[in-house]
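**Q** Quick one: sequence plus predicted model below, questions after.
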Amino acid sequence: MSDHKTMTLTLIVWRQKNANDPGKFATYTATNITEHHSFLEMLDCVNEDLILAGKEPIVFDHDCREGICGMCSQVINGAPHGGQDRTTVCQLHMRKFKDGDTIYIEPWRARAFPIIRDLIVDRAALDTIIQAGGYTSCHTGGVPDGNAVLIPKPIAEEATDAAECIGCGACVAGCPNGAAMLFTGAKVSQLALLPQGKAEAVARVKNMTAAMAECGFGNCSNHYECQAACPKGINVKFIARMNREFLKAQFA
Amino acid sequence: MILDGKCPTGPIEKSWDKHRFDLKLVNPSNKRKYNIIMVGTGLAGAAAAASLGELGYNVQAFCYQDSPRRAHSIAAQGGINAAKNYPSDGDSILRLMYDTIKGGDFRAREADVWRLSQVSNNIIDQCVAQGVPFARDYAGYLDNRSFGGAQVSRTFYSRGLTGQQLLLGAYSALSRQIKAGTVTMHTRREMLDLVVVDGVAKGITVRNLVSGELESYAADAVCLATGGYVNVFYLSTNAKGCSVTANWKAAKKGAFFANPCYTQIHPTCIPQAGEYQSKLTLMSESLRNDGRIWVPKKKEDVGKLPAEIADADRDYYLERKYPSFGNLAPRDISSRSAKEACDAGLGVGPGGRGVYLDFADSIKRLSEDTIRERYGNLFEMYEKITDENGYKRPMRIYPAPHYAMGGLWVDYNLMSNIPGLFVLGEANFSVHGANRLGASALMQGLSDGYFVIPYTIGGYLVTVKPGAVTADHPEFKKSVDDVKATNNKFLSINGKKTVTEFHRELGKVMWNNVGMARSKESLTEAIKVIPQIRDEFWKNVKVSGTGAELNQQLENAGRVADFLEFGELLARDAMHREESCGGHFRVEHQLPDGEAMRNDADFSYVGAWEYKGNDKEPELHKEPLKFETIHLAVRSYK
Amino acid sequence: MQFTSSSIGRKVLMAITGQAMVLFAVVHLLGNSSIFGWLSGGINAYAVHLHSLPLPVIVGFRLALLVMVCVHIWFGIQVTIENRGGRPQQYAVKSTQKATFASENMIWTGVLLLAFIVYHLLHFTFQVLYPDTAALKNLVPLHNEMVPNVLGMVAAGFKNFFVSFIYAGAMVVLFLHLSHGIQSFFQTMGWSNDRSQPLIIKFGSLVALVLFLGYVTIPLTIFAGILKG
């Protein structure tokens, strides 16, 4: 269990001072890393060394470090969140790497996600999409009893599958077109499945997909890279459902 | 000073309704003239900002994350309580209130807890209307489960993602108001000071975490929904960004800090693996519904594989000590029992800091598939972190700091002792007493945000002239200058230790001396050592970069500097409270069988501390607690 | 936002036009397969039958195909240019999990197919590439009538290695384009879910494979001398 073997790794990390800086790769060495380190803890160790050496530490987004807040956002060797099935960067552990490995670490790359610094990008566009209609327009108070409208288990479960999205943006980062179809599709589907969301379904799908385009996201080419990148394993069937909702809305 | 909570009088059943009627209303056409600042957009903050915006107020909301959807409320797994009594198993508003008061070891205000219990039912309805996908049965009805410390099934849940789903519900309501223009959202902003003008809260100073600029915002009321402070222990289940900073800045401006020593240590977390560890991960305590907790009876078995230890050689200590609650005993009791077992040398795993949570019996009884259906995501999470399969061998768990019952003191209207400063959710102290029951944090956050503050803030606002103070008031400039001076100080020290090293050092002192079991000696030691760490911090911390850019070291330096001050207050509060209650356990005060011994005669009060300066002792103010509906009793789960 | 400027709307138009062309490809193959003799009089009889349809039907059909091709190409190019802009900077390491060679190169297989269609039309429809063997100029008897010798034209063409190679190569490109395009149609129209999608992907590849084999058999059998003109 407590394995005393340690690893030494070469990190090739994207460094970019601010949005206007062209940015470049820099090489670092991570030493004394055990298999129980999480990927971010490995970066913490590198950063502690950098700080003490008087160098600028690598800046990256992170918060909950338990795979639910959606803040962490790194592309590791070309794969958003490192490519382990249903895992965020913060839950990725170093036992997935070998001593001597070279690891490329890059920020999410998409037109709609401008880089703020190093590995941090601006994902406000995802909020903009939700603001365009990712809600039911219910008032605080004045709503019916929770059991007034019945929702059969299979429907509730499928809505939950869609609602599991953590809004990290890995789907966009993984998509060769920088499209936000999986993110948007998940929210549209969640609310389209539930009776509470049906009343506004037509406007919602139109407004949210329009916001998606205005924010500079690309279009879907059905590569399904988004599903592979999604740390919650959100299925592309929700994109299909959004497409269906969109078509239905044309005739409504 | 004796504090007055301004609770309504008369029969408790009518208290909230009567109070709402007594509150003055703001004329609808005047509402847009009032500016309200909301710091923090988790469950409480997002719900409040959305509801206030909908009412017509002008709301400025702030969060340090890049989106309000990321607040740490999102990590709550288990569920949310409500007194719906859908399963007809004897629940009622009064019973929820009773359980909460008793669970909190009789250290909470009755009126606040009644209100919480009453509006708990509205919360479920509200969330369902928002499209929160709660678990349902095949007929379509809402499903309930029982949860740590309760003998009725009143917990509503959405897989192991209840916090996420509720937060996203509040976030969607907030998004709707942002679109409508009633709420202006400021992300990646950290509040670094409260601006008080003539004794009244009138605004805040924030740092734009991207540009580094300091910004001033003025308002007619300031609400803090800034969460809890258990990152003072360094390793906790909180998000890395969670801090006491907003609350502590308010405390330094005169807001009283109530019951800081009430910290909850959650029993079912994944044990620490090494020194480098940056946080601890919690697994929902719903696991305790089907898992059995045990340690080896004999020390020589500790190193063995769990399968090699015969059933007769295992000590299922919770079942043994608490036959009626067994593995579902409340959090403080389960946590302390785990510590006792490990202190006795019976702990398992690295450093002997772990106990087994065993599903073998449940798998035999129900099948592995049933267990997977119930807890699959937790087993997955456990395996990702530990590389061990929880279906095949028992999980290892250990307690970890999780939740702060203490917080800024507020009256029944959620207003602190500084007029115009309101505090919501985990950031205040109000309803959980000395210990919070499972599935009650989400309930409180949403209760405060959706159903309390929208009413009570009006009662305050009618008394102030809207826009009386603007951001060009000299107090704002002074506040910005102060913050700038502090930041420049951090940057100029150029010492030899990183911010994290200091935080880790503080955390060790807090955990060892002010953790699950506290004694006069351990607290004396903490009160001596913490100022030493603090002094060294201000002489030897290394923060590179500048203040005019995105600088995560600078952000952390500010947070750790505040923890270094606040940690001492926490220890002092623990020192003064010569009793054991809930999350506060003093080894000097225990019954012969090791149970907590409360001292109602001397300590049935809220201890609210007034900051007097770093080198001066804080001043204690008391709010006496009266129990008229629920009678004081020894909290026993045997 | 207009349907024709929306992200999903344009995809739907591409999906529908693409799928209509797949249907055309199926019918076209069935007709062409008359070259193997299942129709009395073979492909020459089939050609006569087609040309005996009322002129408005023929013109209308050709126009409809033209419109579909144009719509498909127009939006294909537009969307592709937009998509290239969606991720302006590529990753240093390319790692694909689910995308395929076919899905990533739709624009290039599409361009190649367009070039092939032009070539194919010049060869067999307008018959200007190899005037000597043009069917319209070489009439042969069929059921007491003199009809264009389509079989002769096709056979003469495919006996040429170069021509056969172009056709066979084009069918490989068609296979790639359709192996992504057919399943993509169902996804874009919203007619797939997690259970059906794996089947749809297999179905799409199967149809693409059948079309490929069907079409490629004609030049191959002729070139190999199995089918004689």
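**A** On my side now, so go ahead. Numbers count the residues shown, from 1 in each chain, chains lettered A, B, ... in the order given.
**Q** Point out the residues in the stretch 301-450 of chain B that sit beside chain C.
**A** Applying the criterion CB under 8 Å from any CB of the partner chain, no portion of the stretch 301-450 of chain B neighbours chain C. C-beta: built from backbone N, CA, C; applies to glycine.
**Q** which residues of the stretch 301-450 of chain B score low on pLDDT?
**A** Of all residues in the stretch 301-450 of chain B, none has pLDDT under 70.
**Q** what do you get if the cut-off is 90, keeping everything else the same?
**A** Along the stretch 301-450 of chain B, the model assigns pLDDT under 90 to residues B:324-325, B:328-333, B:350-351, B:373-378, B:438.
**Q** What are the phi and psi values at A:V13?
**A** phi -120, psi 140 (degrees, to the nearest 10).
**Q** Can you show me the CA trace of stretch A:148-159 as CSV?
**A** Only the C-alpha atoms of stretch A:148-159 are listed here, as CSV (Å, rounded to 0.1, in the frame of the first residue of the first chain):
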residue,chain,number,x,y,z
ALA,A,148,-48.3,17.4,-7.5
VAL,A,149,-46.7,16.5,-10.8
LEU,A,150,-45.6,12.9,-11.0
ILE,A,151,-42.4,12.0,-12.8
PRO,A,152,-41.8,8.3,-13.4
LYS,A,153,-38.4,7.0,-12.3
PRO,A,154,-37.0,6.3,-15.8
ILE,A,155,-37.7,9.9,-16.8
ALA,A,156,-36.2,11.3,-13.6
GLU,A,157,-33.2,9.0,-14.0
GLU,A,158,-32.6,10.1,-17.6
ALA,A,159,-33.0,13.8,-16.6
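**Q** Give me the residues contacting it.
**A** If you take CB atoms under 8 Å, 6 or more residues apart in numbering or on different chains as the criterion, stretch A:148-159 is touched by A:189-190, A:193-196, B:128, B:131, B:133-141.
**Q** Output the below-cut-off pLDDT ranges for chain C.
**A** In chain C (pLDDT under 90), the answer is C:1-2, C:37, C:143, C:227-229.
**Q** quick revisit: of the contacts of stretch A:148-159, just the buried ones, ChimeraX syntax please.
**A** In ChimeraX syntax, the buried subset of the contacts of stretch A:148-159 is picked out as below (16 or more other CB atoms under 10 Å in any protein chain shown):
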select /A:189,190,193,194,196 /B:128,131,133,134,135,136,140,141
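**Q** Go ahead and confirm B:A526 touches B:G515.
**A** No. With contact defined as CB atoms under 8 Å, B:A526 does not count as touching B:G515 (10.0 Å).
**Q** Which one's more surrounded, the two?
**A** B:A526 (25 against 22; other CB atoms under 10 Å in any protein chain shown).
**Q** what's the spacing between A:Q74 and chain C?
**A** Using CB to the nearest CB, to the nearest Å, A:Q74 is found at 11 Å from chain C.
**Q** What pLDDT does the model give that residue?
**A** pLDDT, A:Q74: 98.
**Q** ok, it - contacts?
**A** A:Q74 neighbours (CB under 8 Å, 6+ apart): A:39, A:60, A:80-82, A:89, A:105-107, A:119.
**Q** Which one (most neighbours) among those residues?
**A** Most neighbours among these, by other CB under 10 Å: A:P80, with 31 neighbours.
**Q** Let me see the contact set for that one.
**A** A:73-74, A:108, A:170, A:173-174, A:229.
**Q** Mind putting those residues into TSV with secondary structure?
**A** Listed next are the contacts of A:P80 as TSV, based on DSSP: H, G, I helix; E, B strand; the rest coil:
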residue	secondary structure
A:S73	coil
A:Q74	coil
A:W108	coil
A:A170	helix
A:A173	helix
A:G174	helix
A:A229	helix
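**Q** nearest to chain B, of those residues?
**A** A:S73 (9.3 Å; CB to the nearest CB).
**Q** Chain neighbours aside, what residue packs nearest to that closest one?
**A** A:W108 (5.1 Å; CB to CB, 6 or more residues apart in numbering or on different chains).
**Q** Next, count neighbours for residue 152.
**A** Using chain A. Quick note: A:P152 (other CB under 10 Å) scores 13 neighbours.
**Q** Sorry, I should have been clearer: chain B.
**A** Neighbourhood size, B:V152 [other CB under 10 Å]: 20.
**Q** Three-state assignment for the closest residue to it other than its chain neighbours, please.
**A** Spatially, and ignoring its direct neighbours in sequence, B:V152 is nearest to B:D91 (4.3 Å; CB to CB, 6+ apart). Per three-state DSSP, the secondary structure class of B:D91 is coil.
**Q** which ones are touching the most centrally placed residue in chain C?
**A** With distances taken as CA atoms, centre = their mean, the residue of chain C nearest its centroid is C:A25 (5.2 Å). C:A25 makes contact with C:174, C:178, C:211, according to CB under 8 Å, 6+ apart.
**Q** Of those, just say which sits nearest to chain B.
**A** C:L178 (38.2 Å).
**Q** Three-state assignment for that closest one, please.
**A** From three-state DSSP, the assignment for C:L178 is helix.
**Q** so what's the residue nearest to it when sequence neighbours are not counted up against?
**A** Nearest residue to C:L178, sequence neighbours excluded (CB to CB, 6+ apart): C:A208, at 3.7 Å. Residues counted as contacts of C:A208 (CB under 8 Å, 6+ apart) are C:174-179, C:181-182.
**Q** buried set for the strand or helix carrying C:A208?
**A** Counting by DSSP states H and E, the element that carries C:A208 is helix C:196-223. Residues of helix C:196-223 classed as buried by neighbour count (16+ other CB under 10 Å): C:197, C:200-201, C:204-205, C:207-208, C:211-212, C:214-220, C:222-223.
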